[in-house]
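**Student:** can you look at this prediction? I've put the sequence above it.
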Amino acid sequence: MRFDLEIPVPWSDEDKENEQVHLMSLPRPPPQKRLIVGYALTSKKVKSFFQPKLERLARKKGIIFVAIDQSRSLLDQGPFDIVLHKVRNAFIQLFLSIYNFFFFFCSSLEKSGNMSWRISVKISYIFVHSLSFRCLLREENPGVTVLDPPISIQHLHNRQSMLQVVVDLNLSDSYGKVGVPKQLVISKEPSSIPEAVSKARLGLPLVVKPLLVDGSAKSHELSLAYDECSLSMLDPPLVLQEFINHGGILFKVYIVGEAVKVVRRFSLPDVDKREQLSNKGAFRFPRVSCAAASADDADLDPSIAGRSCAIRVNSLQGHCLRNLPRSSVIDWSVGFYWCRIGLRLFNIDIIRERGTRDRFYVIDINYFPGYSKMPEYEHIFTDFLLGIGQSKYRNRRRLSSSRTSRPNPKTDEIASSF
Ligand SMILES: Nc1ncnc2c1ncn2[C@@H]1O[C@H](COP(=O)(O)OP(=O)(O)OP(=O)(O)O)[C@@H](O)[C@H]1O
Ligand SMILES: O=P(O)(O)O[C@H]1[C@H](OP(=O)(O)O)[C@@H](OP(=O)(O)O)[C@@H](O)[C@@H](O)[C@@H]1OP(=O)(O)O
Ligand SMILES: [Mg+2]
């Protein structure tokens with residue numbers, strides 16, 4: 001596979017400007033400068049994310065976290081340098097449902113081969129969505145960096161679109177192969193599921209997942225269906241995914257900008273043929289890999305254990321993959337996803353097929369995951385925020401010095417976005 005291509009990213013001009021500067025080469029802002037980070041997060045996230053060690057370190061580094069009051073205009077709050085958000089309010093829900101409506105609509109148009117319709121519908125959706133969010137955040141807070149673009153996050157609110165990006169990337173070469181499990185989306189008629197499953201040649205058992213991921217407990221209610229009869233009792237919309245035996249270990253790849261940390265977690269145990277034949281029905285299973293207990297210290301068969309390490313995707317400057325390190329398939333999948341979607345705060349759940357050395361499957365991608373469970377998250381996150389602050393500062397300085405020297409329509413245009 002070739003890597004000398006540039007992938008377009010749905011980011012704003014300001015974000016592009018910010019990212020083109022490598023963090024190590026940035027000048028430090030003056031010490032008195034404070035970085036104001038507004039946050040609109042669910043109460044659950046506030047509780048888990050703002051651990052005392054993060055708050056302490058942030059204070060030391062001049063980062064001030066300010067809660068955004070979603071019931072008041074942003075004009076009366078801030079100004080903010082950066083906004084973090086993961087919310088489930090009515091506004092986002094409305095756009096979520098519009099998105100999912102369009103997604104279904106587009107999928108059926110694609111099946112019927114009407115590509116131009118699909119594209120125009122998608123474009124109008126993107127236009128409506130980004131326009132409204134910009135009104136909500138940017139226009140009332142000029143200069144703010146919104147993490148991340150809502151349009152990118154939407155990909156992760158639907159288990160089909162979430163993994164479709166990985167499929168489109170077609171990641172494979174001599175270092176391994178990263179794919180997704182064979183899956184089928186069921187939007188209606190549970191009685192037709194057994195036939196659809198055999199038509200799609202999906203093997204049992206199947207992991208049954210709600211199609212939409214809206215942060216509710218229901219969207220995490222997963223089950224394992226062992227036989228065909230149980231399939232007609234399921235409750236669409238959902239995704240049926242082939243169960244991959246992976247030795248009961250999962251790799252959680254946490255991403256914070258360019259920093260990547262991989263941790264091992266316990267996962268569902270393998271299902272052998274005998275167990276599959278003797279079990280009947282569909283069984284709910286708990287959120288096994290979400291538990292903070294890490295499998296890093298567990299005594300594991302080396303063929304299953306893989307590695308658990310911290311790496312930096314150094315060469316993800318700009319949006320070009322030319323120099324992407326070929327150290328592992330995990331670096332690749334993260335880098336590609338990052339570039340293609342334009343997300344900076346997410347995690348990817350990857351499993352390795354039992355009995356293989358390099359056959360990886362991405363099974364889930366989450367926006368703004370439980371970072372407090374990631375070792376050293378307080379350092380990684382504060383460095384990331386400071387990096388954004390520094391590149392903003394550098395851009396402003398560059399712009400103001402070019403303004404004083406001679407008028408430049410191009411930079412003046414950029415300056416107006418701060
Ligand atoms: N295709 C699969 N093959 C084998 N095991 C799977 C598969 N899909 C999911 N699992 C198991 O089910 C668990 C939950 O799946 P998944 O991550 O898709 O659900 P989720 O509700 O989005 O979880 P999270 O809390 O990580 O967001 C995984 O951690 C893994 O143990
Ligand atoms: O609750 P935790 O801290 O464990 O974080 C989980 C997070 O819940 P929260 O955002 O409400 O906190 C989940 O988000 P939603 O899908 O429900 O939106 C999802 O991202 C999980 O994958 C996270 O677990 P992790 O993958 O990091 O183990
Ligand atoms: Mg998830």
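**Tutor:** Ah, there it is. Ligands and ions are numbered 1, 2, ... in the order given.

**Student:** where does the stretch 151-300 of the chain get nearest to ligand 3, which residue?
**Tutor:** Per C-beta to the ion, Val213 is where the stretch 151-300 of the chain lies closest to ligand 3, at 5.7 Å. C-beta coordinates here come from the backbone N, C-alpha and C atoms, glycine included.

**Student:** list the contacts for that residue?
**Tutor:** 156-159, 162, 219-220, 366 (C-beta atoms under 8 Å, 6 or more residues apart in numbering).

**Student:** mind listing what's buried in stretch 70-84?
**Tutor:** Across stretch 70-84, burial judged by 16 or more other C-beta atoms under 10 Å covers 74, 77-78, 80-84.

**Student:** mind checking pLDDT for the residue of the stretch 151-300 of the chain closest to ligand 3?
**Tutor:** For Val213, the pLDDT comes out at 91.

**Student:** about what we covered before: and the buried residues of stretch 70-84 as JSON lines, adding pLDDT?
**Tutor:** Shown next, in JSON lines, are the buried residues of stretch 70-84 (pLDDT from 0 to 100):
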{"residue": "Leu74", "pLDDT": "69"}
{"residue": "Gln77", "pLDDT": "82"}
{"residue": "Gly78", "pLDDT": "75"}
{"residue": "Phe80", "pLDDT": "89"}
{"residue": "Asp81", "pLDDT": "91"}
{"residue": "Ile82", "pLDDT": "92"}
{"residue": "Val83", "pLDDT": "90"}
{"residue": "Leu84", "pLDDT": "93"}
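
**Student:** show me those residues that map onto strands.
**Tutor:** Using DSSP state E, the members of these that fall in strands are 82-84.

**Student:** can you tell me which of the residues you listed is nearest ligand 3?
**Tutor:** Within those, proximity to ligand 3 (C-beta to the ion) peaks at Leu84, which comes in at 18.7 Å.

**Student:** nearest residue to that closest one in space, ignoring adjacent ones along the chain?
**Tutor:** Spatially, and ignoring its direct neighbours in sequence, Leu84 is nearest to Tyr39 (4.4 Å; C-beta to C-beta, 6 or more residues apart in numbering).

**Student:** contacts only, for that neighbour.
**Tutor:** Here Tyr39 is in contact with 46, 65-68, 83-85 (C-beta under 8 Å, 6+ apart).

**Student:** top of these by number of neighbours, please.
**Tutor:** Neighbour count (other C-beta atoms under 10 Å) singles out His85 as the most crowded of the contacts of Tyr39, with 24 neighbours.

**Student:** tell me the SS of the closest residue to it other than its chain neighbours?
**Tutor:** For His85, ignoring the flanking residues on the chain, the nearest one in space by C-beta to C-beta, 6+ apart is Ala40 at 4.4 Å. Secondary structure for Ala40, judged by DSSP: H, G, I helix; E, B strand; the rest coil, is strand.

**Student:** and Ala40, how far from Ile82?
**Tutor:** From Ala40 across to Ile82, the span is 12 Å (C-beta to C-beta, to the nearest Å).

**Student:** re earlier: closest to Pro150 among the buried residues of stretch 70-84?
**Tutor:** Set against Pro150, the nearest of the buried residues of stretch 70-84 by C-beta to C-beta is Val83 (11.1 Å).

**Student:** what bridges to the closest one?
**Tutor:** For Val83, the beta-bridge partners are Gly38, Val146 (DSSP bridges).

**Student:** my guess is it contacts Val144, does it?
**Tutor:** Yes. Shown here, Val83 and Val144 form a contact pair, counting by C-beta atoms under 8 Å, at 5.5 Å.

**Student:** only the buried residues of the helix or strand where Lys261 lies, if you could.
**Tutor:** Using DSSP states H and E, Lys261 maps to strand 259-266. Residues of strand 259-266 classed as buried: 259-265 (neighbour count, 16+ other C-beta under 10 Å).

**Student:** let me have these in TSV, extended by distance to ligand 2.
**Tutor:** Formatted as TSV, the buried residues of strand 259-266 follow (distance: C-beta to the nearest ligand atom, whole Å):
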residue	distance to ligand 2
Ala259	15
Val260	14
Lys261	11
Val262	13
Val263	9
Arg264	12
Arg265	7
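
**Student:** where along the stretch 251-400 of the chain do the helices fall?
**Tutor:** Ranges of helices in the stretch 251-400 of the chain, per DSSP state H, counting those that start in this stretch, are 273-278, 302-305, 329-341, 377-405.

**Student:** give me the pLDDT for the residue nearest to Glu378 when sequence neighbours are not counted.
**Tutor:** Nearest non-adjacent residue to Glu378, counting by C-beta to C-beta, 6+ apart: Leu54, 4.2 Å away. Note on Leu54: pLDDT of 98.

**Student:** now the helix or strand hosting Leu54 against helix 377-405, angle please.
**Tutor:** Per DSSP H and E, Leu54 falls inside helix 52-60. Interaxial angle, helix 52-60 versus helix 377-405 (axes from the mean of the first three to the mean of the last three C-alpha atoms, to 10 degrees): 20 degrees.

**Student:** indicate whether helix 52-60 makes contact with ligand 2.
**Tutor:** No. Against ligand 2, helix 52-60 shows no contacts by C-beta under 6 Å from any ligand atom, the least distance being 13.3 Å.

**Student:** mind giving me the packing neighbours of that helix?
**Tutor:** The contact analysis (3 or more C-beta pairs under 8 Å, 6 or more residues apart in numbering; DSSP states H and E) places helix 52-60 against strand 63-67, helix 377-405.

**Student:** for ligand 2, which of the ones you listed is the nearest?
**Tutor:** helix 377-405 (10.2 Å; C-beta to the nearest ligand atom).

**Student:** which positions in the closest one come out as buried?
**Tutor:** Using 16+ other C-beta under 10 Å as the test for burial, helix 377-405 gives 377-378, 380-395, 399, 402.
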